[in-house]
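Q: sequence-free structure coming up:
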């Protein structure tokens, strides 16, 4: 979805000279969606890396990794909660000539 949001953003940006403000608003909304989904992806990847890395170190490193994992979990939860609303906003910005759905 993150890559599709990026594609949508670029398409909307390309349509600005023809469609004007509606395309500009869609591009901005798609960028916000892309950022939320990108943040979720980053948090998931960071958690996985921390989990892999924490198994070979000292107990104190495992403790710190666990604390960082919890932080990444909170980032994930926040972005999972945010993306449906950002998606809705993006979907309602599509100009009729670009389709909705």
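A: Thanks, I have it. Keep in mind that what you see is a predicted model, and the values were worked out from it rather than measured. Residues are numbered from 1 along each chain as shown.
Q: now the helices for the chain?
A: Along the chain, counting by DSSP state H, helices occupy 2-19, 21-53, 59-93.
Q: how about those helices in a markdown table, adding mean pLDDT and mean neighbour count?
A: In short, each C-beta sits where N, CA and C put it, glycine included. Listed next are the helices of the chain as a markdown table, based on pLDDT from 0 to 100; neighbours: other Cβ atoms under 10 Å:
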| stretch | mean pLDDT | mean neighbour count |
| --- | --- | --- |
| helix 2-19 | 94 | 15 |
| helix 21-53 | 94 | 17 |
| helix 59-93 | 92 | 14 |
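Q: Leaving out sequence neighbours, find the closest residue to the residue nearest in space to the middle of the chain.
A: The residue lying closest to the centre of the chain (Cα atoms, centre = their mean) is residue 37, at 1.4 Å. Using Cβ to Cβ, 6 or more residues apart in numbering and skipping the chain neighbours, the partner closest in space to residue 37 is residue 2 (3.9 Å).
Q: Return the residues in contact with that neighbour.
A: 34, 37, 38, 41 (Cβ atoms under 8 Å, 6 or more residues apart in numbering).
Q: could you measure the third one against residue 66, distance?
A: Per Cβ to Cβ, to the nearest Å, residue 38 is found 25 Å from residue 66.
Q: For residue 57, which non-adjacent residue is spatially closest?
A: Using Cβ to Cβ, 6+ apart and skipping the chain neighbours, the partner closest in space to residue 57 is residue 65 (7.6 Å).
Q: for that neighbour, what are its contacts?
A: The contact partners of residue 65, taken as Cβ under 8 Å, 6+ apart, are 50, 51, 53, 54, 57.
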